[in-house]
Structure formats: C-alpha cells, structure tokens
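attaching a predicted model along with its sequence, questions to come.
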Amino acid sequence: MITCRSAAEIERLARVNRLVAQVLAELMATVAPGVSTADLDALAERRLREAGAEPAFKGYHGYPATICASVNEQVIHGIPNPRPLKDGDIVSVDMGARMDGFYGDSAVTVPVGRVSAEAERLLTVTRTALEKAIAVVKPGGRVHDIGAAVQQHVESHGYSVVREFVGHGIGTSLHEEPQIPNYGTAGRGARLAEGMVLAIEPMVNAGKAAVKVLGDGWTAVTKDGSLSAHFEHTVVVTGSGCRVLTLRDQVVAEAV
Ligand code: MF3
Ligand code: CO
C-alpha cells in the first residue's frame with residue numbers, strides 16, 4: 001500500500017527534507033581537493049544533530065555512516081574514509097535524516113576541482129534525467145512514468161541506467177512502497193495520488209549498466225570501471241504535479 005500523507009504530515013516531511021537540503025548544500029560547498037569524505041561525514045552528522053535530527057542511514061542494516069560518499073566509478077553506498085578527494089574526481093553525496101518521526105533523503109554528485117568534459121556531461125545528463133522524472137509526476141500518473149522519463153533521457157545520451165537499485169516511497173520509514181525503478185514503460189505501475197511522497201534517484205553509468213558490490217558489503221561500483229553519477233530528490237505529489245521538498249538554496253544551487 002502506498003500511503004497518502006495529510007497536510008500536517010507533509011509539513012513535518014517538508015521540515016526534515018529542508019534540513020537535508022540545507023546540509024547537503026553545505027557539504028557541496030565544502031567539497032574540494034584535499035577534503036576527505038570522512039570530513040564531509042563528520043560535518044553532516046554534526047549539522048543534523050545540532051538541528052535536532054538524526055542520521056537515517058547510520059545503523060540502517062548496519063551501515064556505518066551518516067552519508068554515502070561514492071567517488072568516480074562508485075555508484076552508490078560508498079563508505080566515507082579519510083583519503084583526500086583529488087582534483088578531477090566526482091563524488092556523489094547521499095544523505096538521509098529523521099526528525100519528528102519523518103524522513104528526508106537527497107543526493108547530489110559534485111565535481112572536485114576541475115573535472116573532464118566527459119565527467120561534466122555525465123553530471124548534467126544525470127541531473128537533467130532527475131528533472132525530467134520530476135516533471136512527469138502528477139496525480140493520476142503511474143510509477144513507471146518516472147523510470148521511462150529517466151531511461152529515455154539517459155539512453156538518448158549514450159549512457160546506461162543502473163537496474164539493481166531503485167527510488168522509493170518515504171515517510172515514517174526511509175524506504176516505503178512503491179519501489180521506483182529508473183527504467184520502464186510509461187503508463188504502467190501503481191497510480192500516483194495527491195499526498196504520496198517519493199524519493200526519486202537515478203543512478204547513471206557512463207559505460208555499461210552492470211554493477212557489483214565490493215567486499216565491504218556496501219560499495220556498488222560499475223563493473224567496467226566507468227564513471228557513475230547519482231542525484232536524488234524527495235517530492236510530494238500535489239493536486240496538479242509535485243513539489244520538491246529537497247530544493248537547495250538558489251545561491252548554492254548556482255555553484256553546482
Ligand atoms: N539514498 C539511498 C537509498 O535510499 C541510500 C541508502 S544508504 C543506507 O537507498 F545505508 F541507508 F542503506
Ligand atoms: Co533514497
């Protein structure tokens with residue numbers, strides 16, 4: 001069953017998701033050559049707790065950190081570590097929080113210093129795929145409209161959609177129904193209705209779609225070693241479309 005949230009519940013979801021967006025914006029502004037993903041993780045946890053929230057990922061099936069930080073060929077679920085990021089890397093920062101009983105979830109992939117034109121293009125295509133997916137969300141629409149929009153955009157640019165991981169409903173748990181694949185056929189899947197809250201998160205590989213999980217049990221990487229990018233927003237279905245609950249401040253968004 002997919003839960004439709006009341007106006008009061010959506011207010012609470014909006015608050016925790018706004019916090020996630022604000023902290024993610026600060027993390028994005030902190031990313032630079034020499035900074036480590038462990039530094040970003042410590043900052044993220046401090047900011048969430050200062051605001052009265054808790055990390056949502058930490059302890060989830062034993063996950064050890066506040067953020068997932070996935071560098072270059074890492075797709076998602078990279079565990080933060082003390083190695084400094086290098087000029088030319090790309091890093092996906094994914095963060096979830098719980099506050100007042102409700103969850104927020106958002107991710108962004110950012111360049112470290114100056115990156116290749118190919119890396120820039122991958123980031124742009126993946127971010128645009130998320131925007132196109134958000135643009136098709138409306139009451140009466142279907143879950144697979146989302147994946148169809150992502151797949152169409154990504155594949156028309158010669159990139160691949162990751163199949164093994166999906167977006168999800170979110171609310172009083174981090175992962176609720178429905179699962180939201182990033183591929184599929186428009187017009188199929190569960191019907192969307194006002195008040196549903198969805199975390200939409202395309203993962204896009206520059207090369208082939210196949211991924212594998214490393215020996216740490218978490219880090220997913222591309223099998224062919226190609227670069228991978230990941231963007232995620234939490235949205236609520238409204239009367240006419242949807243509202244993005246994890247929008248970042250204008251001034252920081254311009255720095256992306
Ligand atoms: N945004 C990802 C997801 O929704 C991150 C989950 S990390 C985990 O699946 F540690 F919580 F699994
Ligand atoms: Co998510």
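Sure thing, it's come through. Residues are numbered from 1 along each chain as shown. Ligands and ions are numbered 1, 2, ... in the order given.

separation between residue 116 and ligand 1?
26 Å (Cβ to the nearest ligand atom, to the nearest Å). C-beta here means a position set from N, CA and C on the backbone, and glycine is covered the same way.

any idea how far that residue lies from residue 5?
Noted for residue 116: a distance of 42 Å to residue 5, by Cβ to Cβ, to the nearest Å.

in which helix or strand does residue 41 reside?
helix 37-50 (DSSP states H and E).

write out the residues of the stretch 101-250 of the chain neighbouring ligand 2.
105, 199 (Cβ under 5 Å from the ion).

in the stretch 101-250 of the chain, which spans are strands?
Using DSSP state E, counting those that start in this stretch, the strands of the stretch 101-250 of the chain run over residues 102-111, 160-161, 167-169, 176-180, 197-200, 203-205, 211-213, 220-222, 228-230, 233-237, 242-244.

which strands or helices does the fourth one pack on?
It refers to strand 176-180. On a contact count with 3 or more Cβ pairs under 8 Å, 6 or more residues apart in numbering; DSSP states H and E, strand 176-180 meets helix 143-156, strand 167-169, strand 197-200.

got the contact list for the first one?
So that's helix 143-156. 125-126, 128-130, 132-133, 135-137, 160-161, 167, 178, 180-190, 192, 198, 200, 202, 204 (Cβ atoms under 8 Å, 6 or more residues apart in numbering).

so which bits of that helix are buried?
Under the neighbour-count criterion of 16 or more other Cβ atoms under 10 Å, helix 143-156 has 143-154 buried.

for stretch 29-38, what is the average pLDDT?
Across stretch 29-38, pLDDT averages out at 98.
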